[in-house]
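S.K.: The following block contains a protein sequence and its predicted model.
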Amino acid sequence: MRKATILIALSAVLAVASISFAQTDKPLAGQSISIFVAATGIDETFAEFTKDTGIKVNYLEMSSGEVLTRLRASKGKNLADAWFGGGVDSFMVAGQEGFLESYVSPEAEKIPEEYRDPDGFWTGLSLVAVDFIVNKDILKEKGLPAPKSWIDLGKPEYKDEVMMSNPTISGTNYSVIFEILEIFGEEKGWEVIRNIDANIPFYTKRGSAPPNKAAMGEVAVGIDPYDVGVKLIAQGHPVISVFPEEGTPGSLAPVAIMKGAKNMEAAKAFVDWCLSKRGQEVQMANTAKVGTRPDAEVPEYLKGLKDAKIILVDPIKSGEKRKEILGRWQKEFGEKTE
Amino acid sequence: MRKPSRHARGASHDAPLLPFVLLSAGVLAFVLWPTIAILRESLYPDGSFSLACYEDLIVKNYGLIENSLFIGFWTTLFALSIGLCCALYVTHTDYRGKRAVLAVLMMTLISPPFMSSLSYIMLFGRRGLISWKLLGLHWNPYGPHGIILMESVGLASIAAFLIMAVLKGMDRDLETASLDLGAGKGATLTKITLPLARPGIVTAGLIVFIRSLSDFGTPIFIGGNYSVLATHAYTTAVGSYDLPKAAAISTLLLLPALVAFVIYRRLMGKNSLFSVKPGGGTSSESRLPRALGTVIYLVVWSYVAFEIAKYGAIFCGAFVKTWGVDFSLTYRHMEALKIAKMGSLFRSLKYAFTAATAAGLMGVLMARYLGRAEGPLVRMIDFVADLPFILPGPFFGIAYLLAFNWMPEAVLASGFLIVTNCVYRQLSIGIKSGISVMGQINPELEDAVRDQGGGPLAALRDVTIPLMTPAFAVSFINTFTFTMTTVGGIIFLITPYTKVMTAEMFEAIQSGDIGASSAMASVIVAVTMAVNLIFSRVILGGKRREDRDVSSTERP
């Protein structure tokens, strides 16, 4: 009798334990995943992912152009399972060239259709906006006003004071070139680009370098993927953020799974997490990008973005024109790259 | 018929041949094959023979070649001058503070080469601590002047140690005789000392020149739009991943390196400049003319002050909130490092220990054969093993990528290529110091063991191994330091699973994150320094104090 009670109690405990074990919902705990990354606030974001899923993350920072060329060079061999952040145009090319796995996350239906690849090769994660990070001290020293527009940026008084990263490497800066051509039209656009180029001492390789250089006072203005500049302002550098008044590219940063990923299950779990409400909120808390998921809470510090004139870059058109635009850019301005 | 030379007799005859054959095969596979692979890639870009990559290469890159040679020339001149001054200061003067000078030289030797660029911007940038805050200067830090300055200062320590090794090793009685016979100090310096030191000076010049040619970090960080061949090769490979093109560009880098290599081999023969021989005693009396002594004094201490400022800036940068804006103390950067970058640090240490042990053992074992055996095949192995020492880092990195891309992913993700790359690039130092020790072991010692009834193993255990330990130590410390600090060759081989600390630091400097890069630089220097000191103490013991500069090492 007593034995039976104990047995029942025991099995009840066991049952509860096994249910609660199942409810921790970390079936992939202990697995690991490798990711190519072009984003800020990664350590914090991935730490949360690991906390939630138990999956360990190895990542390597690489601009999206670099990932693309590396995929081509490695001839199908994959050293990463997933690809997080960067310019959508590189994702499109990679999808077309067969480097990506088609995966439609159950979370994806919450994300507006225009942010998703119809073939499922990638899904939009967040929107990156471009602004100018302007060093107040340098401007005061030189007696210059802060530039308000792309046209201003090309004015001769900013000679050697503007910095930008190489658009053939940085997805963000490709979107700048693309959007300037969209805003001003082909002919005027290239003229604007030429004028800005005349003020750029050299092009950097990383998109995060120009705002950092502006913060250090190495140049007056850095063309900035907004998430980098926000941090620099918070750190107390004498810089302000300016959104160009003609409009500025907002581009989509996607997430994707590499073809034949070794840790396929973990990669899928990663994509699911990134697109989930929780994942999107974690990202927004750690990087100044607005998530693509409408039901995710936008933190206070990102709300300033709303007043800026942001033009969402058309991923299809920008992908199609990438080769032509960058070819021309390389020919005219490629000499000054780092 | 062979001459019964001393070399051909004795130990090598009975020593087991198999390890040597295996080691030689390794050298061919991991040095010669990648070198061939890179040449093949540039000549067969799409599988069929084509000179497309080389077409216009010189014409198109003429400006870059010119820039590279310009930077290389001035860097060599300045680095040699500083290095020679330091070497003379330590060996030929009775000035005080030699220990401090040696410590500073050693410090610069064990830090990542591109660390200079970081402190350059911190100190001499447009908002730099010295140029702006202190002197209120408006100047442009970017350009060739910055590259030449930082490369000269960075490479001066290699030059100093190479020249010092020769000055220490030479027969001081010649100088004494010259002085006794009534020659002035000036005449003794120009007629005796410098001519005797010439091989060291020339070798130092060659090595500095090659290092400068293959350095892409400094020009990337502080060159502005002033570009050189090495940066172009790097961005072509990493930025646009055009490997055939990158291979062709690196081959241009190879030409001056090969010329220098031939001169280096001719000068060096089988001897090592990284000798573990005890040097001739330092005389207590200055042997330099007074005026020259004063110049040297000024040069050396300006250099020391500059280096201290450089390291000071980096260590401070790791502990202040926002460099240039808010100098209040914080552990934030170190904490961020602890959370996010510990994995890379441990990986760096793991790779460095593995590479160092392998290079140490392989160097000693190969020295045992190469030091005593003769013949064209042996000479060829020796030659090939020497090659990577002088080949530009990016060339060797791209070569590995091309030659071993086919390996299974598990192998690539294990860091195997990073370790082998470092081992083979530093092997020649181990072989050379091994050979120079072998030269001091009388083969008859081993014969004696055998005559007493000991087998070859006993000879190895009782004679060779104890005597070879210093050579192993030189190779170990050297390769360890190299692996901890190099970036040129391995940056191409990094995967998400094999990120190392220098690569992270390179990335952080590239984004301009002063706090994080300073923190990483400080940790790399501290850890490498600690391992250097511990290892030198444990293995070399208190034996010979001045030989603790065994880490007169080489860097990318």
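M.R.: All right, it came through fine.
S.K.: Chain A contacts on the stretch 201-350 of chain B?
M.R.: In this structure, the stretch 201-350 of chain B approaches chain A at residues B:220, B:223-225, B:227, B:231, B:235, B:238-243, B:321-322, B:324-326, B:336, B:339-340, judged by C-beta under 8 Å from any C-beta of the partner chain. To be clear about C-beta, it is placed using only N, CA and C from the backbone, and glycine gets the same treatment.
S.K.: so A:V298, which of the three states?
M.R.: Using DSSP: H, G, I helix; E, B strand; the rest coil as the criterion, the local structure at A:V298 reads coil.
S.K.: Show me the strands in the chain, by range?
M.R.: Looking at chain A here, since you left the chain open. In order along the chain, chain A carries the following strands (DSSP state E): A:32-37, A:56-61, A:82-84, A:100-101, A:122-135, A:162-165, A:203-204, A:221-225, A:239-242, A:248-258, A:290-291, A:310-312.
S.K.: Not quite, go with chain B.
M.R.: Ranges of strands in chain B, per DSSP E, are B:320-322, B:326-329.
S.K.: With distance to A:V57 and mean pLDDT added, can I get those strands in JSON lines?
M.R.: As requested, the strands of chain B are arranged in JSON lines below (distance: least, C-beta to C-beta, whole Å; pLDDT from 0 to 100):
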{"stretch": "strand B:320-322", "distance to A:V57": "28", "mean pLDDT": "85"}
{"stretch": "strand B:326-329", "distance to A:V57": "32", "mean pLDDT": "84"}
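S.K.: Where does the prediction get shaky in the chain?
M.R.: I went with chain A, as the question did not name one. Residues of chain A meeting the criterion pLDDT under 70: A:1-25, A:76, A:303-304, A:306, A:335-338.
S.K.: My question was about chain B, not that one.
M.R.: The model of chain B has pLDDT under 70 over residues B:1-16, B:239-241, B:267-285, B:440-441, B:539-556.
S.K.: Against which helices or strands is the biggest helix by length in it packed?
M.R.: For chain B, the longest helix by residue count, based on DSSP state H, is helix B:62-92. Taking 3 or more C-beta pairs under 8 Å, 6 or more residues apart in numbering or on different chains; DSSP states H and E as the contact definition, the neighbouring helices and strands of helix B:62-92 are helix B:98-109, helix B:144-169, helix B:194-214, helix B:229-234, helix B:243-268, helix B:290-317.
S.K.: Nearest to chain B: which residue in the stretch 1-150 of chain A?
M.R.: Taking C-beta to the nearest C-beta as the measure, the stretch 1-150 of chain A has A:T69 as its residue closest to chain B, at 3.0 Å.
S.K.: Report how many residues lie close to the residue of the stretch 101-250 of chain A at minimum distance from chain B.
M.R.: With C-beta to the nearest C-beta as the measure, A:N212 is the residue of the stretch 101-250 of chain A nearest to chain B, at 2.8 Å. Around A:N212 there are 26 other residues, counting by other C-beta atoms under 10 Å in any protein chain shown.
S.K.: got it, and A:I233?
M.R.: By the other C-beta under 10 Å criterion, the neighbourhood of A:I233 contains 17 residues.
S.K.: wouldn't it be in contact with A:S241 here?
M.R.: Yes. Assessed by C-beta atoms under 8 Å, A:I233 is found in contact with A:S241 at 6.5 Å.
S.K.: got any residues that touch both of those two?
M.R.: Here A:I233 and A:S241 have A:I133 as joint contacts, going by C-beta atoms under 8 Å, 6 or more residues apart in numbering or on different chains.
S.K.: Pull up the residues of the stretch 201-338 of chain A that are close to chain B.
M.R.: A:201-202, A:204-206, A:208-209, A:212-213, A:215-218, A:228, A:235-238, A:262, A:335-338.
S.K.: Give me the buried entries from the residues you listed.
M.R.: Neighbour counting by 16 or more other C-beta atoms under 10 Å in any protein chain shown classes A:201-202, A:204-206, A:208-209, A:212-213, A:215-218, A:228, A:237-238, A:262, A:337-338 among these as buried.
S.K.: Helices of chain A, start to end?
M.R.: Along chain A, counting by DSSP H, helices occupy A:2-24, A:42-53, A:64-73, A:88-96, A:136-142, A:150-153, A:171-184, A:186-199, A:209-216, A:226-234, A:264-275, A:277-286, A:315-333.
S.K.: Need these in TSV (columns: distance to B:L401).
M.R.: TSV is the format used below for these (distance: least, C-beta to C-beta, whole Å):
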stretch	distance to B:L401
helix A:2-24	42
helix A:42-53	25
helix A:64-73	8
helix A:88-96	20
helix A:136-142	41
helix A:150-153	38
helix A:171-184	23
helix A:186-199	32
helix A:209-216	25
helix A:226-234	30
helix A:264-275	25
helix A:277-286	33
helix A:315-333	23
